[in-house]
Each structure stands twice: as structure tokens, then as C-alpha cells.
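**Student:** Starting from these lines, generate the structure:
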Amino acid sequence: MTGRITAVLGPTNTGKTHYAIERMLAHRTGVIGLPLRLLAREVYDRIVKARGPSVVALVTGEERIVPERAQYWVATTEAMPEIGADFVAIDEIQLCADPERGHVFTDRLLHMRGLHETLFLGSETMRGAIAALVPKAQFTRRERFSTLSWAGSKKISRMKPRSAIVGFSVENVYAIAELLRRQKGGAAVVMGALSPRTRNAQVAMYQNGDVDYLVATDAIGMGLNLDIEHVAFSATAKFDGRRMRHLFPYEIGQIAGRAGRHTMDGTFGVTGEASAFQPEVIDAVENHRFSPIQRLQWRNPKLEFGSVARLITALEDSPKDEWLTRGREADDLRALKALSEIPEIAAHVRHPSDVRLLWDVCRIPDFRSISEAEHATLLARIFGFLREGKGVPSDWLAGQIARIDRPQGDIDALSKRLAFIRTWTYVAQRKGWVDDETHWRDETRAVEDRLSDALHGALTQRFVDRRTSVLLRRLKQKETLVAEVNDKGEVMVEGEFAGRLEGFRFRQDATTSPDEAKMLARAAYEALKPEFSLRADRFYNAPDTEMDFTEQGGLMWGEIAVGKLVKGSEPLKPSVEAFVDEEAGPDVAEKVKRRLQHFIDRKVAALFEPLLAMSRDEALTGLARGFAFRLVEGMGILPREGVAAEVKELDQDARGLLRKHGVRFGQYTIFQQALLKPAPTRLRLVLASLWDGLQEFPESPPPGLVTIPYIAEVPASAYTLSGYRPAGVRAIRIDMLERLADLLRTQDTRGGFEATPDMLSITGMTLEQFADLMQGLGYKAEPGTREKTRPTPEPKAPEAGAEGSENPIPEEASPVAEAEAEAEAAAPEMETFYTFAWAPRPRHHDRGPRREGGRDQGAQGQGEGRDGGKPRREHRGEGGGKPRRDGEEGGKFGGKPKGKPGKFGGKGGKSRDEDKAHHYEARPPKKDKPIDPDNPFAAALMGFKSKS
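**Tutor:** Below you'll find the model as predicted:
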């Protein structure tokens, strides 16, 4: 009994499969054959949803779900069960012309029938063949729901969203997907070699909008119903397994027809790398008019199992109908021929049951596609197990599966393992081939699922920027983006890392294209608007202890830069520039700037409090006020030679007022001791560099160092601001230099002296280093050697009652001791010493470090009166070292000294008018008033008067 036979033909996007499902469910039982395992699973899920899992069976080469009360069978065309069902449908019937699988579809066309209804679903090109081979068939044409039109050529980089780009090799597909990831955020990948689970995951990623592009092989032409608006061909030719050939028009129509969904129109075209289709091909695709199929692939279904030779003969038999043609030699036939030539197998295949078993083994698909020889070797091994009647040994099968069950590696490695596990999945589905069929079906399915998930992850990681795709989807849906900033400053938008929020500036993560960067910034800023305001509030209320400045003028909030110092109206009144993104808004920027200005104002007020207090002291008037202004200009430090004239004009009252503010009048420098601390020094360097407009600021020396190396490239002003004075190859801290000057004033600097332990201790130097320092200060250092003085040991009296105390010859008087003493006397230990004498160099001499303005450091003033030590001539108030004799030639340094020693240790002498004595003072005449008891030099001055 044969029911009604109907051929439902037409282009893609006509709902033929949906119609077949409805017709099958209208019957009590039914079988539907589909071209892809993926499509079979999709139809199975739809029918289960409608009827429940207890009545729906799924049968493919690698999957078998058969409930006891199965009524509806969903299968791949090759695995369709031969049962008496009320309804039978075969989808994509035009595959009867496919060189590889066509003979299977032709067999179903000729022999599979439903008891009440049979449907053939496919292309209009099959009308003539079906009419000739199935005379009772009725035809129904279903029109496309939407319009398909030619869109021309377009570069991949300019491809519109919701497009599918078709490649015809794995390498081509990967290259296109990589390009789309870099320029568009990513693409889903669909290939025939993917497992259904992987392919479904990739398709779902495209369908839900995670990515806007799909890259696929020509496998997209069957069974995938997607929301595709445009299909672009990256090539117009492909390799069909034997040769390169141009795509047939009906193949182009099958693939291009995936553009458009239901009533939504679609377009097709080519990429910039492919040549355009011929006008007649475009017209055929747009109007769905293709040349009818003239020949169907056929293989003899009546097999003879008497012997292997007779089976091969039957498989190679030719058809008698002009509509049929013998297809190319299939993989299973090649495998049969290869195994029949193996002597061990040929010797054991004697019974028809052996031939049938061998044929079943040869029908195992070559999923691995490594080589025909290797595939034949595997089949021979499996046949050997099955011929013995025990099936594939569990321990051997477990070992094979264990080597495959490794979900690590790249795309190629995972793809190969998936192909391998599909072989064992197929074996586990065959009844009687393994010991515990249920266990091994579940085991191989679990391994395939793990590998499929890993492959999906690898494809996604390589070809999809998930961050970009997620943000794009949220933006398209116009949803509010959720942003979070963790304690490391990482910005997560919708769970995806977008960049870092550094203070009030967003530093987005590296992107691969300008479009992606723009989109990422837009999404992040949209989500960060409330975060900017909250952070600005926290910053404004943060204590000063959380803030700091860098030695290059940066302003920090913890470890984050939030601004920088800029030049203000005065050196001690810098302004600030806040680092705030424009997208944060003017209110946030103003709040951050105001808080930074408060911080630096308070920092300057705290660290320079002695200096600022002095500038505000109304008791300072006249010359004292003017000198205080000079100190404020110098930020608390003034080299003495630069203000010698002003210092001379200050009387003792003025100096006393300045000393109350911590001002010290040193021999080399005028400074406030409190401003030499590390914190004010660090800020002073920053403010001075800012005021001078330097591009790179000098850094302050490490705290606690008495001397630091002198680097000629560093300006002298930097040493002064740091609180150091260059002398020789090193620079000495100015307060320690003044302590050294106090010690030097007690020495005979004209006649010469040696360094004392106190001098070396103050400077922290060795004798050689100290000698270089003294030469930098204008002294001459003459080295010498002498015998080192040894302390005379005191003889020890023998202890009373001690053993040997009555020895009449002491040890010191023994011959050995005398010989040692003579040897020591013959080779005395020598030591090096230096004699230092004041010997300033002429002004034009160019040795050693130089001060600002070109003044030689050896020609510095030696102080003035009580505050400076040795007296100087008035006409050399800018500093000139030791006083010189009035009779020196030309008034220059270095003249030969004459006369007798003076009372300060130098050489005395007479002027040309020997009747008149000359007295020089480096200060104005003193007023007759009691000596200030607070003066640190009071005791020294009183001692000097008593001697006079």
C-alpha cells in the first residue's frame, strides 16, 4: 500500500521543513530524513517540544535515542529506518545529484514510501527527474516569502552587520574570521566539520547578537535558518574533492537563499577579493530559475553477500535508466577493496555473514580524513575484533577514548580529536559491536560534548572579541550598561574588562580598530558617569595625608595621578591642572581642581611656614624687610657672595630680627635651618623648576647625606636649592659646611694646618676626599708622608705568686724580642698626611666647580665679623676669600706675602704710608650698646675684646 506522493519544490525561505513537520504530526507515525545531523537534532527538538520525548526517536550515524513507544523518527537520510510508517519525508531531495552522497538520496527517492503520505522537499530543479522516476508524484510549488536581490561587490571591512561571508576552505574561513575580529569585533564560524554541539553554539552566538557576522563554508546552504540579511561569496570557485570548478548557479542560489528570513528581504554579493557573477547567473538567482537536473547519482541497492567479489560487482553495477548514473567510487567501496586485499582478512571471509560484517565495518565513515591506508588499518583492526564474536574489547576502546579525551589545545588539535571521537561514537551506536552499548554511547557522547565545548571556546577566543560583542549588543538594545570599578581600578562593563579608571581619566584597553575603540569608549563613559561623581565626592573629602606631589610636579591621590602643578603668579603660589576626562563633566573637573589647589596651598604653608611667617612680620622694616624679601625669592637659601652688599648694610638690630625667624648668616650661605629638611627641599626644587619653566625637574638628594657627587651637567642653582654647595668632586650640605667653617677659623690657615678628627667626622669623608673638598673651597692641600707614631706600651708588672714570676730575664729582654724590635725599628710604618693652607685661585682661573655668575668657588668670602669669622675688606664685600696685604701687587690673589704674621694667623704687613695703620671691617660701624646675649657668637666676641 502506497499513499499519496507529493513533491514540495521551490527556492529557499519557503518554510518547506516547517510544512513537513506539520504534516508528519498530522499522522500517527512518521519518518523524516534530513541532510545534516545538525538539522536532524533541530527538528527532533521541535517535535519533542510538541509531542514529548517519549514518542520521538533520533537516529543518526553518531547518535541514537529510541524510546520504547517511538512514533516519530527523525534521522539523517543515511540512517533512516526502514519501518512501515504512515508518513515519510525526505528533505533537500536535490542532493540526489551530489557526487558524494547522491546515491543515498536517490535510493530514498526510489524506495522510501509512507503508508499514507510521502513528501519530497527540495529545489525546483528536481521536477523533471521526479516526474520521470516517480510517475505518481504530485507537485506543489512554494514561493519564497521575501525578495532576494544582487548587491554587488563590497570589501569585508565595509560589510554591513547581520551578514554571512562564505568561504570554500578552512584556511579561507579562518582568515576572514580573523579579519572580522580585528575590524568588527568578531564572527561566528560554521563549517561542516564541526560537531553539532559546536555548530549550535556558534550559531546561537550569532543569533543572539553577540556577533554581527557569520563566516561559513557552503554547508550553510542546507538546513540553517538564520537571521541573515546579506550573503557574500569570498570566491566563485571551489575544490569539489577532485578538481577546482566554478560554482553551479543552483549552488549559488542554495547558499544565497539563506539571506532573508520569512518576509524579510535579503541580498547577496561578493567580497572585494572575488570576481562578480555573470549577469545571467545573477538573474537566475534572483528569479530562482536554474537548469533542471539531468542525472541522479545511483548505486545498486540489491547487494549480494555470497563473496567479497560478488559484493564489489554488485556495488559497481551500472543503472539501466537514462536518468540515473553510477556515482563516483565512494569511501566505503574503496575501503572494501582495500580490506579484501589483506591476506589475513581474505582468509577469514568465507561465509555470507562474514561478508556482511565486513561491509558494515567498511561503512564506518572516514571522519578523520587522514589517509585511505590509515583508515583501512583501523577498519581491519575493528573487523578483527568483531569476527571473533566478542566485540571491541572494553579496555582497548577505553584506551583509544582516553587518548582523545583532552579538551586542551588549539582549534586544529581539538578539531582532529572531535573527528577521532566521532569514529568511536559511530562504533558505539552499532548493535552488538561493544560490550555495554549504553555505557559507551554515553561515554563517547560525553567526550564529544567536552571537546565540542572546548572547540567552541577556542573559536570564540580566536575570532570573537567578547567584550566588544557584549557591549554592542547592549547598546543596540538600548539597555543601561552596568559598570564596576574594583580596588585595582579595573573597569568592568557588563562583566567584560574595558580598561582602567586612573583617578578621573579612563584608560581603555587596547583595541584593534578605530571603530571598536570609539564604541568601547562610548559604552564605558556612558556607564562611568555616576562613578565619576561618586569618586569626585570621595576625593574632595579625602584628607591631605592621602595626597602627595611628585618631584616632577605631579599631583597624586594614593598611587594615581590626578593632576599636576603649573606656574602661578608667584613661586610660592603655584596653580594646578586637574586630570579629568571631558566626559566626566565640568562639575567634576571643578571639584577636583579646587581640592588639589587646597592641598598644595596647605602644603606650601606648612613646609615654608618659617619663610612665610618672616614675610608677614610687620616688625621687619627697611633693609631687614628687603633682605627678608630676597630670602623669600630664594625660598630660604641665598649664596652669600650674591648678597654680600646687602649683608654689609644690615646692622645688628636687623640681623637680630632676622635671626628670630631662624635665619643663619653663614660664611658661605644665608639660610633658614628649618628649610633644609627633606620635605621643604623636595618642594622647593619642584616650585623653583616650575617657576623657571624647566621641562625636566632636578630631583632632591636622598635625605641624610652630608655630601653628594658633583655632576657638572647639573646647574649650580639645583645644588643651592637642594641645600648643597659644590666643592671639588662632591657637594657638601650647607649647614655642615658652616660647621666646618667654624672649625677652620680656629686654624692657622696662612701657615698651614692638618685636618682634625672633628673635620673628618663632620664631612663623613676620608682624608683624601677631604683634601679634594678643601681644594674646592680654595685651600691648597700639600700631601706628605711621615713615620706613624706608635703608642708606647706600658710594661706589665708580674702578678704576685704567678708562675714564672721569678724569671730573672723578662720577655722583653729576650734575644727573640730584641730581634723583633730591631726589625720593626728598621722598617717603620709610614702614613700620609695633608697640610692645608689658604691659597685662593685668581678669578680668571677655570679649575673646579664654579658658582652662578662665573665666580670661582675658591674666591668665596670667609665671613664677616661675629657671623662670618675672619674679617674681609669692604671693597671686596661680594666675597673674596682671605684678606690680602695692602701692599700686594695689583691687588690680586696669589701675591707673595710679606711682613710679619698678623693676629688672625696670616702675614702682617705695612702699607705704603707706614705711619698710618689700616683697619678693615666687613660690617657697618657698631653702635655703643650691650652685646645681645642671644647672639651665638657673643662669647667669642667678648673673648676677642678682652685680648684686645
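**Student:** can you pull the pLDDT of residue 766?
**Tutor:** Note on residue 766: pLDDT of 92.
**Student:** Now for it, how many residues are close by?
**Tutor:** Using other C-beta atoms under 10 Å, residue 766 has 10 other residues around it. Heads up, the C-betas are built off the backbone N, CA and C, glycines and all.
**Student:** repeat for the one 5 residues further on
**Tutor:** Using other C-beta under 10 Å, residue 771 has 23 other residues around it.
**Student:** sec struct for it, please.
**Tutor:** helix (DSSP: H, G, I helix; E, B strand; the rest coil).
**Student:** What's the separation between it and residue 199?
**Tutor:** 86 Å (C-beta to C-beta, to the nearest Å).
**Student:** Please list all residues in contact with residue 163.
**Tutor:** 212, 213, 214, 228, 229, 230, 231, 232 (C-beta atoms under 8 Å, 6 or more residues apart in numbering).
**Student:** of the residues you listed, closest to residue 426?
**Tutor:** Of all those, residue 214 has the smallest distance to residue 426: 28.6 Å, by C-beta to C-beta.
**Student:** Beyond the host helix or strand of that closest one, next helix or strand please.
**Tutor:** Using DSSP states H and E, the element containing residue 214 is strand 213-216. Where DSSP H and E defines the elements, the next helix or strand beyond strand 213-216 is strand 230-233.
**Student:** Pull up the pairing partners for that next one, direction included.
**Tutor:** Here strand 230-233 is paired, per DSSP bridges, with strand 163-166 (parallel), strand 266-271 (parallel).
**Student:** Show me the shaky parts of the stretch 751-900 of the chain.
**Tutor:** Within the stretch 751-900 of the chain, the stretches with pLDDT under 70 are 790-827, 841-900.
**Student:** go on, the chain?
**Tutor:** Looking at the chain by pLDDT under 70, you get 1-2, 223, 467-481, 511-516, 790-827, 841-948.
**Student:** Tell me which strands the longest strand along it pairs with, and in which orientation.
**Tutor:** Using DSSP state E, we find that the single longest strand of the chain is strand 560-570. Sheet pairing of strand 560-570 (DSSP bridges) gives strand 554-557 (antiparallel), strand 573-578 (antiparallel).
**Student:** Export those strands as CSV, with columns for mean neighbour count and distance to residue 333.
**Tutor:** Converted to CSV, those look like this (neighbours: other C-beta atoms under 10 Å; distance: least, C-beta to C-beta, whole Å):
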stretch, mean neighbour count, distance to residue 333
strand 554-557, 20, 77
strand 573-578, 18, 79
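**Student:** Distance to residue 351 added to the ones you listed, as TSV?
**Tutor:** Shown next, in TSV, are the strands paired with strand 560-570 (distance: least, C-beta to C-beta, whole Å):
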stretch	distance to residue 351
strand 554-557	88
strand 573-578	93
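**Student:** Out of those, the one nearest residue 712 is which?
**Tutor:** Comparing the strands paired with strand 560-570 by C-beta to C-beta, strand 554-557 comes nearest, at 28.1 Å.
**Student:** Pull that closest one out as PDB, backbone CA atoms only.
**Tutor:** In PDB, the C-alpha atoms belonging to strand 554-557 read as follows (Å, rounded to 0.1, in the frame of the first residue of the first chain):
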ATOM      1  CA  GLY A 554      52.600  65.600  39.500                       C
ATOM      2  CA  LEU A 555      49.800  65.500  42.000                       C
ATOM      3  CA  MET A 556      48.900  62.100  43.300                       C
ATOM      4  CA  TRP A 557      45.900  60.600  45.100                       C
END
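**Student:** quick thing: my sequence starts at 23, can you match it?
**Tutor:** OK, 23 is where the count begins now, so the last one is strand 576-579.
**Student:** What are the contacting residues of that strand?
**Tutor:** For strand 576-579, the external contacting residues (C-beta under 8 Å, 6+ apart) are 525, 561, 564, 568-572, 583-587, 598, 618, 621-622.
**Student:** If any of the residues you listed are buried, put those into a ChimeraX selection.
**Tutor:** Of the contacts of strand 576-579, the buried ones can be selected in ChimeraX as follows, counting by 16 or more other C-beta atoms under 10 Å:
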select :525,561,569,571,583,584,585,586,587,598,618,621,622
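**Student:** how about the helices of the stretch 273-422 of the chain, start to end?
**Tutor:** Per DSSP state H, counting those that start in this stretch, the stretch 273-422 of the chain carries helices over the ranges 301-309, 330-337, 353-362, 365-368, 374-384, 394-409, 416-426.
**Student:** Would you format those as CSV with mean neighbour count included?
**Tutor:** Written out in CSV, the entries for those read as follows (neighbours: other C-beta atoms under 10 Å):
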stretch, mean neighbour count
helix 301-309, 15
helix 330-337, 17
helix 353-362, 19
helix 365-368, 13
helix 374-384, 19
helix 394-409, 17
helix 416-426, 14
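**Student:** And the ones you listed: which comes nearest residue 449?
**Tutor:** helix 394-409 (6.8 Å).
**Student:** For the closest one, which helices and strands make contact with it?
**Tutor:** helix 353-362, helix 365-368, helix 374-384 (3 or more C-beta pairs under 8 Å, 6 or more residues apart in numbering; DSSP states H and E).
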